[in-house]
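Peer 1: 3D, please:
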Amino acid sequence: MATIKDVSDFAGVSQATVSRVINGTSSVSQEKKHKVEHAIKVLGYKPNSIAQALASSRTGSIGVIVPELGGAFYSQVLQSIEERLRQSGYHLVVTAGSNHEQGQKESVEFLLSRRVDALILHTQQLSDDYLIGLQEQGIDIVLVNRFIPELASSCIDIDNELGGKLATEHLIEMGHRNIACITGPLHKSDARGRLQGYRKALEEAGIAFDESLIIESGFTEETGASAMRKLLKRPHPFTAVFACNDHMAFGAFEVLHHAGFTVPEQISLVGFDDILFARYLTPALTTVNFPIENMSYEAVQLAIQKLQKSKHDVNFKLSPTLVTRESVHRLPQTL
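Peer 2: You can find the predicted model right below:
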């Protein structure tokens with residue numbers, strides 16, 4: 001196996017020069033750089049990753065925090081990020097920070113103790129001030145599915161309001177006017193955005209907003225089921241439901257089924273995220289596509305751009321799209 005001395009002898013330069021080329025720690029003339037790179041290629045030299053990390057203060061790893069490791073949504077997020085990082089020569093170090101602020105702070109501290117080069121954070125629990133403080137300390141961070149004005153150049157967000165509007169507009173176009181909405185936790189910006197899109201679609205269609213048709217839930221199957229039970233007990237009829245993520249839509253569907261309602265003939269249902277299982281529900285779920293792969297690609301590109309101090313085009317705000325399937329029924333027009 002070739003050594004750094006073999007490379008220096010082959011290239012006719014000092015070992016220190018070879019080290020500077022490999023680690024990029026200081027400038028080297030283009031002529032010497034080309035000689036070293038040619039020698040590395042010919043000899044098949046593989047730098048010692050540990051020594052390289054010590055010399056460059058880089059470990060070639062990027063830390064990622066998500067609220068949980070289970071569930072289809074976060075597994076898709078992690079898979080997409082890992083694929084992009086690997087293609088770019090970086091390794092993924094992941095931890096689940098739970099849905100609590102303290103747990104996510106502990107995850108940040110754990111990753112920083114492992115000397116990751118940057119952080120990609122999918123978190124709604126950490127405060128704006130805490131995240132701003134991380135960046136002010138010189139830590140390279142990228143936030144996904146979240147926007148903080150002071151960190152605008154570090155945020156990859158999706159237009160949640162547009163997604164909520166697309167879902168509700170589709171139901172309105174299919175003749176529905178009494179549309180219930182199961183929201184996510186409204187302390188989370190993505191849940192607020194989707195509810196705002198729902199309200200905007202109603203307003204533009206001239207449909208009065210009815211607070212009794214809104215249930216705040218928790219982005220899980222269990223809370224979606226609980227929300228649907230509450231809606232069915234209220235004396236306010238509805239012909240359609242917009243569940244602000246697919247997991248809640250699955251829970252709502254199960255309750256409707258056991259209560260004797262057919263989807264979509266009696267109650268239409270729309271979700272949000274377009275996770276894999278949405279297409280296998282019977283009937284297949286109409287939903288809003290969360291552009292996970294695009295978001296992951298942009299987040300990785302932005303993290304690498306920060307590390308390499310380079311400039312590339314980054315799409316900081318992604319647009320969701322409606323995916324129509326079989327869970328929405330067109331109501332007959334009334335005169």
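Peer 1: okay, CA-based contacts and neighbour counts for the rest of this
Peer 2: Fine.
Peer 1: quick one, strands of this protein?
Peer 2: 61-66, 91-96, 118-121, 141-144, 155-158, 179-183, 214-216, 240-243, 268-270, 287-289, 317-318, 321-323 (DSSP state E).
Peer 1: redo the ones you listed as TSV? Include distance to Gly197.
Peer 2: TSV is the format used below for the strands of the chain (distance: least, Cα to Cα, whole Å):
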stretch	distance to Gly197
strand 61-66	25
strand 91-96	30
strand 118-121	25
strand 141-144	20
strand 155-158	13
strand 179-183	11
strand 214-216	13
strand 240-243	11
strand 268-270	14
strand 287-289	12
strand 317-318	15
strand 321-323	13
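Peer 1: for the stretch 1-150 of the chain, which segments count as helices?
Peer 2: Assigned helices in the stretch 1-150 of the chain, in chain order: 4-11, 15-23, 30-43, 49-56, 72-87, 101-113, 128-136 (criterion: DSSP state H, counting those that start in this stretch).
Peer 1: sorry, back to before: just put the strands of the chain in a markdown table and tack on mean pLDDT, mean neighbour count and distance to Leu232.
Peer 2: Below are those laid out as a markdown table (pLDDT from 0 to 100; neighbours: other Cα atoms under 10 Å; distance: least, Cα to Cα, whole Å):
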| stretch | mean pLDDT | mean neighbour count | distance to Leu232 |
| --- | --- | --- | --- |
| strand 61-66 | 92 | 23 | 33 |
| strand 91-96 | 90 | 17 | 35 |
| strand 118-121 | 94 | 24 | 37 |
| strand 141-144 | 94 | 25 | 35 |
| strand 155-158 | 93 | 24 | 32 |
| strand 179-183 | 98 | 27 | 10 |
| strand 214-216 | 98 | 18 | 11 |
| strand 240-243 | 98 | 29 | 11 |
| strand 268-270 | 98 | 28 | 14 |
| strand 287-289 | 97 | 25 | 22 |
| strand 317-318 | 92 | 18 | 35 |
| strand 321-323 | 98 | 19 | 26 |
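Peer 1: show me what contacts the closest residue to Gly193 other than its chain neighbours?
Peer 2: Spatial nearest neighbour of Gly193, chain neighbours left out: Glu161 (4.4 Å); criterion: Cα to Cα, 6 or more residues apart in numbering. When contacts are counted by Cα atoms under 8 Å, 6 or more residues apart in numbering, Glu161 touches Gly193, Arg194, Leu195, Gln196, Gly197, Tyr198.
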